[in-house]
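Asker: this one's structure only:
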């Protein structure tokens, strides 16, 4: 697991919930500061939560000298997120020497609704 060092994770408020071989969950307690002008959780916050969960899932499978680099992330927003607990669960679907595919979803914990689905493509650097 990545250690929270007081940087970006503190700014956004993400926290690793779990991490095991090829899987990880990252949570966020969404507050007013995470809202867009229409009162929903900002899409960039949801995308950041997804990217963090995907990175944690990848980190369970990479060597110390490797650093996964994001090539592309596609996010499909299913419904607006609202203040409260959001969790993104990510799973490495296909690992390779040059390209790795990771899938993730974001769930609004209070009603167990899927807020977003995503696919990410990564390549190792190192």
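Answerer: Structure's in. What do you need? As the structure is a prediction and not an experimental result, all values here were calculated from the model.
Asker: contact partners of the longest helix that the chain contains?
Answerer: Counting residues, the longest helix found in the chain (DSSP state H) is helix 43-59. With contact meaning CB atoms under 8 Å, 6 or more residues apart in numbering, helix 43-59 is reached by 1-2, 9, 12, 14, 16, 19, 22-26, 28, 30, 34, 36, 68, 70, 73, 75, 77, 81, 86, 88-92, 100, 102, 104, 106, 115-116, 118, 120, 122. (C-beta placed from N, C-alpha, C; glycine too.)
Asker: next one: stretch 97-115
Answerer: With CB under 8 Å, 6+ apart as the test, stretch 97-115 has contacts from 27, 41, 46, 49-50, 53-54, 57-58, 68, 71, 77-82, 84-94, 116-124.
Asker: filter the residues you listed to the buried ones?
Answerer: With burial judged by 16 or more other CB atoms under 10 Å, the buried subset of the contacts of stretch 97-115 is 27, 41, 46, 49-50, 53-54, 57-58, 68, 77, 81-82, 86-92, 116, 118-122, 124.
Asker: quick one: low-confidence ranges for the protein?
Answerer: 1-6, 126 (pLDDT under 70).
Asker: where exactly do the strands run in it?
Answerer: Here the chain has its strands, by DSSP state E, at 14-20, 23-30, 67-77, 84-94, 100-108, 113-125.
Asker: Just the buried residues of the fifth one, please?
Answerer: When neighbours are counted by 16+ other CB under 10 Å, the buried residues of strand 100-108 are found to be 100, 102, 103, 104, 105, 106, 107, 108.
Asker: With distance to residue 62 added, can I get those in CSV?
Answerer: Below are those laid out as CSV (distance: CB to CB, whole Å):
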residue, distance to residue 62
100, 9
102, 12
103, 17
104, 17
105, 22
106, 23
107, 26
108, 30
